[in-house]
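In: just the structure for this:
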Amino acid sequence: MSQNYNKPTFKKLLDRLQEESWQLELLISGFAIYGLFSAYPALELKMASHQAQNHNNLFFTLILIVALSACSILIFNLLLHVLLRGLWIGALGLRYISGDIEYDALNYTQRFSNYLKDKVGSFDKYIGRLENYCSIIFAITFLLIFYLLALFLIIGTIAIIITIFLNDHTFYQVSTYIGIIFLTYIIIGAILTFIDFITLGFLKKKKWISKVYFPFYWGFSIITLSFLYRPLVYNFLDNKFGKRISLFLVPIYTLLIWITTFYYNPSNYFNFIEPSENYISNSLNYEDMLVGESDFIENIAINSKVISDPYMKVFIVFDKYIEDEIYRFNQKLEPDEDIRGITSEIGTISPISNALKKEYIATFNSIYSVEIDSNLYKTDFVLGRTVKKQNGFETYIGIKHLDEGKHIIQVKRRDIKESDTLTKTEASIPFWYYPN
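Out: The predicted structure is shown next:
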């Protein structure tokens, strides 16, 4: 059928499908909205879990950001589409009953009648305008998803180039220069593509600029997969109505993102989401208060705000930076090849000896220390995992000698600053001890 697109029968088929497309639009929108509302909480939970456990995993962070952004755009646009399409159907039903608007029957003054005839116009014109809004919003919804995908692919390409050609490579290697050439091409191409995008094709209109831009345009059409949706883009650009709607939606999305950052703050001195301090107790620093699915330990936590047992637990979330610090304090633990990141269960991984694991934990214990009310406590951190599968280091401290009431536990970390070693407070968490 696609080979016969010039035949009159094919054009008649498209015209008929075009007139009946609103039914498919509503059907797709309904199923999509239901699926998106089901998927969004799961993606938010995954994002919270990922941020809590893999702060430095840029690849998965980008995937989750794109997925959440795509869901948000789809939900907003499809809800708007269903609302306008419902209004359109209602207008059609009203037209069947009442016909066109009879301004003379309203008995308004001549001034108002002339004004309404000019600004409101006929009812059929209103229905036609609603039809255009619905069709364009439905089409642009999926086009915006491809734009997000293109952005992700560009960032991913830059990350791949840096990882393959530039990571831990010296200027004496040929691969370094190849990576610099590729990276320069991607960065310049991304800038030119963005300029061409926001100017609605300005770089394609000037003869000498278009010659320079064409190699980048050709390369980025492959990188961003724009050959899949390019006809849709140019169909929008040659339509003034579609172009206006496209430009109008951009500030709307920006406004929505800004609105989502709002929250009500009842105090001039505290915002009630600050991390725990001597005078603040944040629920994210107490394991037994992490009851929500999206609640995870951000950095350091103890087992409870009120402790009745003669001991307490301290948990430090594992982070790539912690391991980097261990290498700085004990350089012989740093492996020749860094295998952290995406890996597979298939294949053989060289086992690490128990002696090196023991030294790793000993180095960690030499870096981190725990004080309660400024008194140093002996700790013996080991690797552990919370109920919510957060990886980290945990230890238990005896506190049966403490007096009843409020106490402050501080987790401190040694840090190498040039030739000096400093001690920094990583967390100050208040708790109350009331033994049984």
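
In: low pLDDT regions in the stretch 51-200 of the chain?
Out: Residues of the stretch 51-200 of the chain meeting the criterion pLDDT under 70: 51-60, 166-173.

In: and the strands in this protein?
Out: Assigned by DSSP state E, the strands in the chain fall at 300-302, 306-307, 311-317, 368-372, 375-377, 382-385, 391-398, 405-417, 420-433.

In: neighbouring strands - and their directions - for the shortest one?
Out: Looking back up the chat, that one is strand 306-307. Strand 306-307 pairs in its sheet with strand 420-433 (parallel), by DSSP bridges.

In: now do the partner strand against strand 368-372, angle only.
Out: 40 degrees (axes from the mean of the first three to the mean of the last three CA atoms, to 10 degrees).

In: any chance you could list what contacts strand 420-433?
Out: 275-281, 285-286, 299-302, 304-308, 312, 316, 368-369, 399, 402-416 (CB atoms under 8 Å, 6 or more residues apart in numbering). No exception for glycine: its C-beta is placed from N, CA and C like everyone else's.

In: buried ones among those?
Out: In terms of neighbour count (16 or more other CB atoms under 10 Å), the buried residues within the contacts of strand 420-433 are 276, 281, 285-286, 299-302, 304-305, 307, 312, 316, 368-369, 399, 402, 407-413.

In: circling back to that earlier point, need the strands of the chain in CSV (columns: distance to Ile155 and mean pLDDT).
Out: Compiled in CSV, these are given as follows (distance: least, CB to CB, whole Å; pLDDT from 0 to 100):
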stretch, distance to Ile155, mean pLDDT
strand 300-302, 31, 92
strand 306-307, 45, 94
strand 311-317, 26, 94
strand 368-372, 34, 95
strand 375-377, 45, 93
strand 382-385, 31, 91
strand 391-398, 26, 93
strand 405-417, 31, 91
strand 420-433, 31, 90
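
In: using JSON lines, lay out these together with distance to Gly86.
Out: Shown next, in JSON lines, are those (distance: least, CB to CB, whole Å):
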{"stretch": "strand 300-302", "distance to Gly86": "48"}
{"stretch": "strand 306-307", "distance to Gly86": "53"}
{"stretch": "strand 311-317", "distance to Gly86": "47"}
{"stretch": "strand 368-372", "distance to Gly86": "59"}
{"stretch": "strand 375-377", "distance to Gly86": "65"}
{"stretch": "strand 382-385", "distance to Gly86": "49"}
{"stretch": "strand 391-398", "distance to Gly86": "49"}
{"stretch": "strand 405-417", "distance to Gly86": "56"}
{"stretch": "strand 420-433", "distance to Gly86": "52"}
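
In: how about the ones you listed, which one is nearest Asp336?
Out: strand 405-417 (22.0 Å; CB to CB).

In: ok now do Ile223, which residues does it touch?
Out: Ala150, Leu153, Ile154, Thr157, Ile186.

In: who's in contact with the fourth one?
Out: I take that to be Thr157. Thr157 neighbours (CB under 8 Å, 6+ apart): Ile186, Ile223.

In: any idea how far it lies from Gly201?
Out: 23 Å (CB to CB, to the nearest Å).

In: same check on Asp403?
Out: Distance from Asp403 to Gly201, by CB to CB: 74 Å.

In: kindly report the same for Asp336.
Out: Between Asp336 and Gly201 the distance is 51 Å, computed by CB to CB.

In: which residue ranges of the stretch 51-200 of the chain form helices?
Out: 58-98, 110-119, 123-161, 174-198 (DSSP state H, counting those that start in this stretch).

In: could you find the closest non-adjacent residue to Asn303?
Out: Lys313 (4.0 Å; CB to CB, 6 or more residues apart in numbering).

In: for the one you found, give me its contacts.
Out: Glu287, Ile302, Asn303, Glu394, Thr395, Tyr396.

In: compare these and tell me which is most surrounded.
Out: Within the contacts of Lys313, most neighbours by other CB atoms under 10 Å means Ile302, with 23 neighbours.

In: isn't that one up against Met289?
Out: No - with contact defined as CB atoms under 8 Å, Ile302 and Met289 do not form a contacting pair (10.5 Å).

In: burial count for Ile28?
Out: If we define neighbours as other CB under 10 Å, then Ile28 has 14 of them.

In: meant to ask about Thr386
Out: 18.

In: nearest residue to the middle of this protein?
Out: Most central in the chain under CA atoms, centre = their mean is Ile65, positioned 2.0 Å from the mean C-alpha point.

In: follow-up on the earlier one: closest one to Leu256 out of the contacts of Ile223, please.
Out: Ala150 (20.9 Å).

In: leaving out the residues flanking it, which one is nearest to that closest one?
Out: Thr224 (3.6 Å).

In: can you check Arg385 too?
Out: Asn391 (5.6 Å).

In: what's near enough to touch the one you found?
Out: So Asn391 contacts Gln53, Val317, Phe318, Leu383, Gly384, Arg385 (CB under 8 Å, 6+ apart).
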